[in-house]
Structure formats: structure tokens, C-alpha cells
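Trainee: Below is the sequence, then the predicted model.
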Amino acid sequence: MTRKTRRLWIVIACLACVGSAAALTLRAFSSNIVFFMAPSQVKANPPSPDRTIRLGGMVMAGSLHRINENGTPVNAFEVTDGQAAVEVHYTGILPDLFREGQSVVALGTVQKNGGFTASEVLAKHDETYMPKEVADELKRTGKWDPRFGKAPDASSWDTMTAKKAGG
Amino acid sequence: MFGPEQGHFALALACVLALVQFAVPLWGANRRDARLVGLAPYLAVSQLIALGYSFLCLVMCAVSDDFSVQNVAANSAVSKPLLYKITGIWGNHEGSVLLWTLILAVCGGAVSLFGRNLPDILRGRVLAILGGVSAGFQMFCLLTSDPFDRVFPAPMDGQGMNPLLQDPGLAFHPPILYTGYVGFAVPFAFAVAALIEGRVDAAWGRWVRPWAVAAWCFLTCGIALGSWWSYYVLGWGGYWFWDPVENASLIPWLTGTALVHSAIVVEKREGLKIWTVLLAIATFSFSLSGTFLVRSGILNSVHAFANDPARGVFILALLAIVIGGSLALFAWRAPSLTSTGLFSPISREGSLVLNNILLCSICAVVVTGTMYPPFMQLLAGRTISVGKPFFDAATIPLTLPLLLAMGVGTALPWKRAQLARTFSHLYAAAGIAAIGLVLCFWKLSGVLPIACGALAIWVIAASASDVLRRIGIGHTSAQGVWERMKHLPRSSWGAALAHIGAGITVLGLCGMSQAQHAIVEVHIGETRSLAGDDWTLLDVHDYIGPNYKAMQADIAIRHNGKLVTILHPEKRDFTTQSQTTTEVAIHTNFITDLYGVVGDRHGTGKYTTYVLRLHRNPLAPWMWLGGLVMAIGGAFSLSDRRMRIGAPKRAAARNMARA
């Protein structure tokens, strides 16, 4: 075994492994990337029902209610970004930090009827924390400009939406 | 005596000592001045003492409830139990950076103490590199995240600690994990010192390996402990979130595992030198970026402490200097390192090369999955994320050949192997694996879990049979077996144990892939069944704890009418922090975990219902047990006399003295 043939073997092995790793990564990316969407984006162009997305926004105050589907408790609440609201259904125990009027990120799919079925609901460790995506969305829609102080009080969220939705 | 000002001063002193420790030995080594090089160990030890004193000051501030210190006021409270006053120090950004630098100083002290048999110049250079890294992070601590900052006026009571963090598991998780991260600084320093010197030989491999193995053991324990914490505290029923923080610990673990293996080739065969040096640099670079990119909030995550851009810039500059500098040095000096050992592809070296390639491919996949979303956001402005489905689909297929090779590798001889001969040793293990495959078909569903399960059994059987063969079971008398057992190097025992541990962990993961859960809403007295067990909600009652109000449920689990256990999950309301936490109740018989969580209460009086989440998690404890076995295997091989630096020399000296 000369140095050259050994090097050849190692190069072949490297190429095989790195190649399959790249192929696997690309394949997994194409089917498993999860996009973040705000409620208004979901309303504007709803993604196909087999596509998992992350929906983020504020939980509209007073929107949380429960439905009982054959003994399984389903939580229903509305998530808003100040422009549109999407109804979210979630089977399970809501996280300890879940509150009406606070930010939330839900992982799931958009149903044909426009509702959202969540498989996971995330509320962050810190109650003053706003998910970065939600904060960006707020800035984008002009609901909050960080130059002019803190984020608007969460309880004012639904009135903003109500105005939009009503008007 | 132990006030914050003294602590601050000691920290500054340590920083200066670290700078001197960086500059003087390097200069001395260049001028071949033995006196200057010989200063390094003393500087390292005095830096350790100064930093230890500084840390002690912070501990005293926290214990004595000195709320004039900003850090204590923000993270502690009078009512907090003493244990958490101490452990809370590393539960926040400033304290954790101080702990990080303290552990780095401890590493320097350890090199000074245990490295007495290293050549002086090499030891001087290693300590200088450690000192340089130390100085950088102490400066970071002093300039951007000073834990001793005062606040005026001092509040009457602190703001308290996140109740989620008040847990014994989490109390000891960061020091262990950090020791793992920081421990890789020593192999890194050895690599940089070797590059400066332009020489890597078998002795270098022998010196660097114990440090790499020790760091690897701590990192393994740290990851296992973190995953266990997430399983039993967060109460979501899972154990690994593929969160950037978790990936940040997994990435150096993967390259560190590769390093531990490739250093064997340097030591035994003087091969793979350049590669090993690169791995040592990469592992520490990943550790650094893991701890600090994550902490600076560049990778957004549930765990991140700090979200402060000034710190981010400092950290990025520091990372650029450490990582960029070492890589530049590598590019410059690596061509001067040449490997001598020749080997055929089918040999122990060959299998170790394959191990390295596969581990690094997996690592590349994890890095891509972790870094792609933030980069996409930065470049394209689209917020995306990848989670468990991505990582499962991309990493598990690469793990399969790794497991297969793990079983064969240890049975292969060095240099050149004959496959037929090697396989003749592995018949028994292959038989057991075949039985395992049938068992997996029967018990598990899904192609990947079955394949992983069977391969895990293969790894365990092959590692065990390799050791049994070496000690001559079935070939020699009981006396002979005993003799051989005593003479088999501890590192062989350790390797077998670590491989068996990996197999156990993989089996646990396969079991967990079959976990079942149900979310139910029940009245008191109602029974639901899950996977053959009947879960009955017996009662729910409220009680008042030291600093919280709790709702506790009693859930009886019966299997075929026989009572298995009564679980008492709780929901606690911490009024001062207006936070709720979930206390999971777990019953384990080491084969299956029964895992119960109580959720909200709805309705009143007769119509009151409770939401419960019930999980049945097969083989869950095996995941962490396997991690522990891996770490014990590593520790065992550390006790090998070959690993104890200079042990042969000392033994020889003893024999000389006797004669």
C-alpha cells in the first residue's frame, strides 16, 4: 500500500460520506424547512395543508375557549398580528407561560377552512420576552417602531385588530 | 474581605497575570530561555488563585444577600434556598462567563500540576496559549459583563430566580457542561503549541489524549444531564429539542469524539497528524462559538441569557482572533507536519479514519441545520426554522454505517487486516445482532428505529465479544483468563465500555421513538387507558409550598387490574415571579417510564375536569444511562497507566532506585 493509494482510498471515503451527507441535507431541507408566517400572510396566501409552518403573533385577549372533541380537550384561540387573526386549534396542555395578550408561536398546518391546527405551542421562558419573529413582524407592519420606545402593551392588540377587521 | 470590590480587583489581577502568562513563556520559548519558560506554571497557578478568589467573592455576595450588587439583585432573593443562591451564580450571563474563565484557569492549573513530565518548552507554550484565551475572556468579563457591578440605591430584596432554573439537575449541569467545553481548550493549546514548534509525534499524541478524553467525558455527562433536565423539568415529554443551544453542545461533542479517536492513530502509528491538529482546533472553536454565539443571542433560542449587541461584537472579535488566528497558523505550519505510518484501508487505522469521516459528516449536517436558518434570515430576510424532522432525516442514515463500523473497528488489527479472519471473531456478535433484529421487528415499528436498534445490539455484542476474546474466554483456563484480565490495558476496557454505552443510548433513542402519549380531560375518578395501562385520576388537592401554591393530582396506574404506581404530578404557581411551572411525575422500572403531567382545571363543583397528559416512554432512562456508561468508559481509559503522563518514566526511576 503506497502513500498514493492510501490517499486515494481516503479521498474516496470522504467524497462518499460528504456527498451522502450533502444529499441527505438537501433532501431533508426540501421537505422539512418550516417557514415562519404572520396571520396576515397566512390570510393573504394560505400555504398548502401538508406544509408545516410556524405561526406567530399575539394571543387575542378573550379569544381562548375550549372545545371538547370526543373526550379530547381542544384549546381554541386567535393569533393576531394586528392586521388579521387566525383561529388556532391545539390539543394538549398549553405551556405554563401561555397568556392571552402575550406573544406565542404555534407549529402546525393551515387547514382548508383557513383555521390552523397546531401540533406544538411555544411560549417563551420569560414573560416579557417577545419572539424575534413577532417583533420583526410588528416593525414590518408599522405597529411598533423600536425607536419610539417599548412594544405596545399587549392588551391594546385586539382593539387594533378589531378596528382593522371591523373597518 | 470578600466584597465585590475585592472580587473585581482579583478579576483584573487575574486578567493581567493571564496576559503575562501569554506573553512571557512564548517569548522565552522563542529565545530558548529556560527561566522565562519556567515561569509559566507559576503564572498559571497564581492566575487560578486570583480568579478563584474573585469567584469566591461573588459566591459570598450571593450567599450574604448583598443586593447592592446588580447581578445578585437581579437573580437572587432572600427567600431563595442556600443551594440555589450558590448555583444561581452561573444561572445568568455574567456569572456564567466568570465560571467559564475559572474553569479555563483550572485547566491551566491542571496542566501545570500534572504536566510536569512534559518538555518544558512545550508546557510553556501550552500554558501561554491557555493564558491568552483566558485573558481574552477575562477582558470580556471585565469590560462588557462585570458580575460585580454595584447598583444604587440597593433594593431591599432581589428579583428572584426563574423558578424553572431552581432544580438540582440544572444546578450542576452548567459546571459539568462548561468543564467539557473548556476542557477542549487544552488539546487546542497543545495543537497550537505543536504548530508553533512544527513537530507532532507519538509522544504528542500520548500527551494530548488524556486531556481530550477528560473533556469528552465531562461534555458527554453535561449533554446527558441537560437532556435529562429537559425531560423531567420542562414536562413536554421529549428529551431533545434540536434547539440551537443543544446543537451547540452536540457539535463539539461530535468533533471531540472524532479527536479522541484520531489521537489514537497519532499515538500508535504516527498517522493523521495534520488532521488531529485540525480536529483539536475545530473542537475548541465549536465549543467557543457554541457557548458564546448562543449566549450573545445571535442564534435565537429559548435558553439564551443575553441579547446585548455590544457583547456580541466583543465576542465576535474574540472568536475571530482565537479561531481565525489558530486556523491561519494551521494553514501556515501544517504542511511541515508529515505522517509516517502507512496502513491499508482495512485496518484499525482505516476504521478510525472512517469513524472520523462519518462523525465529521454528521457534524457538518448539524452545523448546516443550525446555522442555515439565521443566515437565511440575515441574507434573504425570510424567517425559517428546521426541527426534529430535518435532523432525523439527515443524521440517522449517517449514523447507521457508524454503528456498523463501531462493531468491526475494535476487532481489526493495526496496519493491515484480513477481513475473513476478523469476521471469524465476530460470528457470535453477528448472531446476537440477528436475534436483536428479529426482536426489533417484533417490538419496534419504522425502518430506521429497527435498523438502529439492531445495530445498537450489534455494537454492544461486538464490543463485549472483543473484550471476551482478548481475555481468552473459551481458550484458556480460569487462571489464564484472570491473568489476561489483569494485563488487558485499561484503555481497552474503557473503549469497550464507551462503545457499549453508545449502544445503550441508541437503544434508548429507538425505544423513545415508539413513545405513546394521550391528552385527556377527565373528572375525578375517571379512568383512561393508554397502551395497555389504565390511568385513573384519584384526587386533586391544593397545598401551599415555601414560595409557591401548588395543585397536586394523584393518578393511579393499573396494569391488568394490578396497581403499578400512583403518580403525583403538580402545577406550581410562583406568585412573586407570576410564573407557573409543571412538576412532572415519572415512574420508572428502567424498561418503561410512565410520565404524567397535570394541566388546567376547568369548571366548578361536580363538573370540574382536569386536563392530563399521559406518556408511556419505553427505554427512556437508557438514553442517559448510556451517556453515563460512555463517560465511565472514558474515565476508565484515563486510568490506563499509559495515559498517566510519565508513569512509565516514574516506574523506571523507581526500579532504578530499588536496584
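Mentor: Thanks, I have it. Numbers count the residues shown, from 1 in each chain, chains lettered A, B, ... in the order given.
Trainee: Pull the residues that contact stretch B:77-87.
Mentor: B:59, B:62-63, B:65, B:76, B:88, B:157-161, B:165-166, B:168, B:170-172, B:546-547, B:576 (CB atoms under 8 Å, 6 or more residues apart in numbering or on different chains). Using the backbone N, CA and C atoms, a C-beta is placed for each residue, glycine as well.
Trainee: how deep is residue 9 tucked in, by neighbour count?
Mentor: Since you didn't name a chain, this refers to chain A. Using other CB atoms under 10 Å in any protein chain shown, residue A:9 is surrounded by 17 other residues.
Trainee: you looked at the wrong chain, it should be chain B
Mentor: By other CB under 10 Å, 16 other residues sit near residue B:9.
Trainee: Equivalent analysis for residue B:1, please.
Mentor: 6.
Trainee: Shouldn't it be within a helix?
Mentor: No: counting by DSSP: H, G, I helix; E, B strand; the rest coil, residue B:1 falls outside a helix, being coil.
Trainee: on that earlier part again, need the buried ones from the contacts of stretch B:77-87 selected in ChimeraX.
Mentor: The ChimeraX selection below is limited to those of the contacts of stretch B:77-87 classed as buried (16 or more other CB atoms under 10 Å in any protein chain shown):
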select /B:59,62,65,76,88,158,160,161,165,166,170,171,172,547
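Trainee: where along the stretch 201-350 of chain B do the helices fall?
Mentor: B:202-232, B:244-269, B:273-295, B:309-319, B:325-333, B:348-380 (DSSP state H, counting those that start in this stretch).
Trainee: Give me the angle between the fourth one and helix B:273-295.
Mentor: Just to be clear, that refers to helix B:309-319. Inter-element angle recorded for helix B:309-319 and helix B:273-295: 170 degrees (by axes from the mean of the first three to the mean of the last three CA atoms, to 10 degrees).
Trainee: List the buried residues for helix B:309-319?
Mentor: B:311-312, B:314-315, B:318-319.
Trainee: for the helices of the stretch 201-350 of chain B, which one sits closest to chain A?
Mentor: helix B:348-380 (3.9 Å; CB to the nearest CB).
Trainee: Give the partner strands of whichever helix or strand comes after the closest one in its sheet and their orientations.
Mentor: Following helix B:348-380 in sequence order, the next helix or strand is strand B:384-385 (DSSP states H and E). In the sheet, strand B:384-385 lines up against strand A:34-37 (antiparallel) (DSSP bridges).
Trainee: per-residue confidence averaged over the partner strand?
Mentor: Averaged over strand A:34-37, pLDDT sits at 85.
Trainee: Does anything pack onto the following helix or strand past it? Which helices or strands?
Mentor: Note on strand A:34-37: by DSSP H and E, the next helix or strand toward the C-terminus is helix A:39-44. In terms of contacts (3 or more CB pairs under 8 Å, 6 or more residues apart in numbering or on different chains; DSSP states H and E), helix A:39-44 is packed against strand A:53-59, strand A:85-91.
Trainee: dump the residue contacts of residue B:291.
Mentor: B:100, B:178, B:181, B:248.
Trainee: I figured the second one hits residue B:102, correct?
Mentor: In this case it means residue B:178. No: using CB atoms under 8 Å, residue B:178 is not in contact with residue B:102; the gap is 9.0 Å.
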